[in-house]
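Student: A structural model of the following input is requested.
(2 chains)
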Amino acid sequence: MNMFTVSGSPHVHGGESTKKIMHGVVIAMVPAILVSVYFFGLGAIRVLLLSIVASMFFEWVIQKYLLKGPLTITDGSALVTGILLAFNVPSNLPGWMIIIGALIAIGMAKMSFGGLGKNIFNPALVARVFLLISFPVQMTSWPKPSPITKGFTDTITGPTPLGIVKEGLGADPPKTISELAPEIPSYMQSLTGDMGGSLGEVSALALILGGVYMLYKRIISWEIPLSMLLTVVVFSGILWGFNPEQYADPVFHLLTGGMMLGAIFMATDMVTSPMTRGGQLVFGVGVGLLTILIRIWGAYPEGVSFAILLMNAVVPLINRGFKPRRFGAKPGVEIAQ
Amino acid sequence: MGILKTFALGGVHPEENKLSSNAPIEKLALPKQAIVPLGQNLGAPSKPLVKRGDQVKAGQLLAEAGGFISTNIHAPVSGKVIKIDNVIDGTGYKRPGIIIDVEGDEWLDDIDLSTDLKTEIELDGKAIIEKIKNAGLVGMGGATFPTYVKLMPPPGKKAEYLIINGVECEPYLTSDHRLMLEKGPEIVVGTQILMKALNVKKAIIGIENNKPEAIHHMQELVKPIDGMTVQPLKVQYPQGGEKQLIKAVVNREVPSAKLPIEVGCVVQNVGTAFAVYEAVQKNKPLVERVVTVTGKAVKKPSNLLARIGTPIHQLIEAAEGLPENTGKIIGGGPMMGKALTSLDVPVVKGSSGILLMKKEESVREPENPCIRCSKCTTVCPMGLEPFLLSKASKLGKFDMAESEKIMDCIECGSCQYTCPASIPLLDYLRLGKNKVGAIMRNRGKN
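Tutor: Below is the predicted model of the structure:
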């Protein structure tokens, strides 16, 4: 007697899997990882390894002993969170802070909501903001980039370009942008990553390379990064046009801080972003607006993390408001009789 | 060819695997016993007119339509009715069917079995529809909706276009492809008959461009015919769906919950057009059809002209046997076909193919949590949100499923095909459609 499998259609699958998507994201992060190692040396390797190991460890422990569900550390999502968390901290952050960060990212932001796919906020960003608020000094003392070829200079720290601008404009008496210009890295330096910052955010070029790869592999779509970056350009461009001595130019905003990292790897996080094209455009515009608002008028020099987390919170609302275009929603056509 | 037409929203492109596209149609030997299920069309089952012990000839009426949306069924073979009993059909359930022991191959006298092409259409529109109705024709693409019903637009509606579906977007299947190559002239005449029945001036044959020789062949054939054209289409699943095909060919969108006639279109499959030719020009009812037998492990992927009622094991034998590691047998294609429970299931009017899947292809990946990637939404050709509808169905929120348009789902399976978390989205959607459908019908009663 032959026994056959019986199941509903479709009987074939495209072969896409969560694991493949996560591994695709990891591949896309390789250029930024290499740049971080080049400029921050052993510090970057230390932070990356610690963050990855701690994130995967917490995922395993919580899944096994608290949620008592099937093991999920092999799906690659904890690996991605681990790398992203490392990308979001300075390369000289004390190890125990990184471990706390991993616990917050995995334990609080992800697993307490029920694990993969159920979290409202981007786990790595929750951890970053948690660390920033808890340890503001350590989280904002960035080692000066020093190419691996020139030996490591982990001990010299310097401010980020955004910090220079924030501090300079707020100084007494306030300085102007042109006065601050010598201290600000050139566009070429910001593109390659030769500036102060968290270890994964410094090189716009490496991040864009990863973004292009993810677009090609259809892991992300263009809507969120493009609408977010365009909004930043337009909003900061208007302010800059209004008073270039008071406001930095749009290219500066694009290339500094966590802008590229946020636009390409954080705001595009599938779990915490809207489901439809319209919703994704609104989300991107919202992140862009909030980022510039915080950068220019907020207390912190950098606003990408806060902007993304704030927009994460309204994603369920956006999902309700922006439905896909339904086929056949319009009434019929006139038929020639 | 430049930019080819296709439908607007969503869609996927599964591996085509058209293994049997070069295998000419072969006439399959008669079965020893024919099993003729009474429910072969979408709608009400047919009512038997014969009883145990009756001698029947091929083409003789066995069962008559059991309602408006129902069809006649004719004896596919000659012989003796041995019983009317429950038989396993493609649904996996046992349902009534007529079992005939085959004796010889004797046809009713008024059926023309010659292969001469008869191009002159003698009947008028009304008589054509009557003929098609009597011959028991259904949509041969797999949906099995009675053909004559589509030819009678409701009052106030008028067809403008006849669209002939030669898309065959299901992977593996090649029966329509072969039919176009081998029975092209008959299909063209069948199309002309349908145009006359519908009183339309324009007919468009839609074919995907993975069948260039079929496109070329049909283009040559329609050249001398007024109002008939061939439209090559970009390969995109589910383009063979009525609403998608209409969108692709004439860029009209059938409104939600409405029929194609709402936008002046009637869609018929190429197989149906051929059956129309045979019914009207040759007086031959629908008693046989082309069935593709295929699969990666199948030794000789084939296209077989089989009588209705032939058990599928006989078709599989003709394709040089059941491969050892067969794990699943599918009636139809891999995207929308039904998994069959037994090798004794008979060929019916809607059997477009038999697909044998290897054991390793037969099992699903385990379900993982939804990562909200929205790929299901992107590929949905109806612009729905499968992740939301499946969740609503799972949680029993049928009012939400209804307001989010679950009834628009055409069950093409693109969402589940794409889902990286391997969530059986369509299983849940079918459940939801079933429940919402029942709720809507009950509401109508109160």
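
Student: and the one residue in the stretch 51-200 of chain A that gets nearest to chain B, backbone torsions?
Tutor: Residue of the stretch 51-200 of chain A nearest chain B, by C-beta to the nearest C-beta: residue A:117 (4.1 Å). Bear in mind the C-beta positions are built from the backbone N, C-alpha and C, glycine included. Backbone torsions of residue A:117, given as degrees, to the nearest 10, read phi 90, psi -10.

Student: what's the burial count for it?
Tutor: 19 (other C-beta atoms under 10 Å in any protein chain shown).

Student: what's the answer for residue A:92, then?
Tutor: 18.

Student: Just give the closest residue to residue 27, not the sequence neighbours.
Tutor: In the absence of a named chain, this looks at chain A. residue A:213 (6.7 Å; C-beta to C-beta, 6 or more residues apart in numbering or on different chains).

Student: Hmm, no, I was thinking of chain B.
Tutor: Using C-beta to C-beta, 6+ apart, the closest residue to residue B:27 is residue B:305 (4.9 Å).

Student: which secondary structure elements does the one helix or strand the one you found maps to contact?
Tutor: Using DSSP states H and E, residue B:305 sits in strand B:302-307. Contact here means 3 or more C-beta pairs under 8 Å, 6 or more residues apart in numbering or on different chains; DSSP states H and E; on that basis strand B:302-307 packs against strand B:25-27, strand B:288-294, helix B:312-318.

Student: What pairs with that strand, parallel or antiparallel?
Tutor: strand B:25-27 (parallel), strand B:288-294 (antiparallel) (DSSP bridges).

Student: Of the ones you listed, which is nearest residue B:167?
Tutor: strand B:288-294 (14.8 Å; C-beta to C-beta).

Student: nearest spatial neighbour of residue B:362, skipping sequence neighbours?
Tutor: residue B:327 (3.1 Å).

Student: Over to residue B:271?
Tutor: Nearest to residue B:271 is residue B:140, by C-beta to C-beta, 6+ apart, at 3.4 Å.

Student: for that neighbour, helix, strand, or coil?
Tutor: coil (DSSP: H, G, I helix; E, B strand; the rest coil).

Student: Next up, the contacts around it.
Tutor: Residues in contact with residue B:140 (C-beta atoms under 8 Å, 6 or more residues apart in numbering or on different chains) are B:269, B:271, B:272, B:275, B:289, B:349, B:350, B:352.

Student: Now do the domain split for chain B, please.
Tutor: Chain B breaks down into these structural domains: B:1-22+B:114-363, B:375-445 (assignment by automatic domain parsing).

Student: Serialize those domains to TSV and add fields for mean pLDDT and distance to residue A:3.
Tutor: TSV is the format used below for the domains of chain B (pLDDT from 0 to 100; distance: least, C-beta to C-beta, whole Å):
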stretch	mean pLDDT	distance to residue A:3
domain B:1-22+B:114-363	93	9
domain B:375-445	94	21
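
Student: list the helices and strands the helix of greatest length in chain A packs on?
Tutor: Assignment by DSSP state H gives helix A:18-40 as the longest helix of chain A. Where contact means 3+ C-beta pairs under 8 Å, 6+ apart, helix A:18-40 is packed against helix A:42-61, helix A:77-87, helix A:204-216.

Student: helices or strands next to the second one in the packing?
Tutor: So the one you mean is helix A:77-87. Using 3+ C-beta pairs under 8 Å, 6+ apart: helix A:77-87 touches helix A:18-40, helix A:42-61, helix A:95-102, helix A:123-134.

Student: Pick the most buried one from those helices.
Tutor: helix A:123-134 (a mean of 22; mean count of other C-beta atoms under 10 Å in any protein chain shown).

Student: which residues touch it?
Tutor: Against helix A:123-134 from outside (C-beta under 8 Å, 6+ apart): A:81, A:84-85, A:87-89, A:93, A:97, A:100-102, A:104-106, A:108-110, A:139-140, A:266, A:300, A:305-306, A:308-309, A:312.

Student: picking that back up, if I look at the residue of the stretch 51-200 of chain A closest to chain B, what pLDDT would I see?
Tutor: With respect to pLDDT, residue A:117 has a value of 92.

Student: need the contact list for it.
Tutor: A:271, B:369, B:370, B:371, B:372, B:421.

Student: Check the spacing between the residue nearest to residue B:27 and residue A:261 real quick.
Tutor: Relative to residue A:261, residue B:305 is positioned 62 Å away (C-beta to C-beta, to the nearest Å).

Student: more neighbours, the two?
Tutor: Taking neighbours as other C-beta under 10 Å, residue B:305 and residue A:261 compare with residue A:261 leading, 29 against 16.

Student: How much space separates that one from residue A:134?
Tutor: For residue A:261, the distance to residue A:134 - C-beta to C-beta - is 21 Å.

Student: With adjacent residues omitted, what lies nearest to the residue of chain B found nearest chain A?
Tutor: Closest approach between chain B and chain A, counting by C-beta to the nearest C-beta: residue B:413, at 3.3 Å. The shortest distance from residue B:413 to any non-neighbouring residue, by C-beta to C-beta, 6+ apart, is to residue A:10 (3.3 Å).

Student: circling back: next step: the contacts of residue B:140 restricted to helices.
Tutor: B:271, B:272, B:275.

Student: Residues touching the helix-or-strand element of chain A with minimal mean pLDDT, excluding its own?
Tutor: Every helix and strand of chain A was ranked by mean pLDDT, DSSP states H and E. The lowest is strand A:157-158, at a mean of 71. With contacts defined as C-beta under 8 Å, 6+ apart, strand A:157-158 is touched by A:92, A:141, A:142, A:143, A:144, A:196.

Student: Show me which of these are buried.
Tutor: Those of the contacts of strand A:157-158 that meet the buried threshold are A:92, A:142, A:143, A:144, A:196, by 16 or more other C-beta atoms under 10 Å in any protein chain shown.

Student: Now render those as a markdown table, adding distance to residue A:322 and pLDDT.
Tutor: Below are those laid out as a markdown table (distance: C-beta to C-beta, whole Å; pLDDT from 0 to 100):
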| residue | distance to residue A:322 | pLDDT |
| --- | --- | --- |
| A:92 | 42 | 89 |
| A:142 | 38 | 81 |
| A:143 | 42 | 82 |
| A:144 | 44 | 76 |
| A:196 | 38 | 81 |
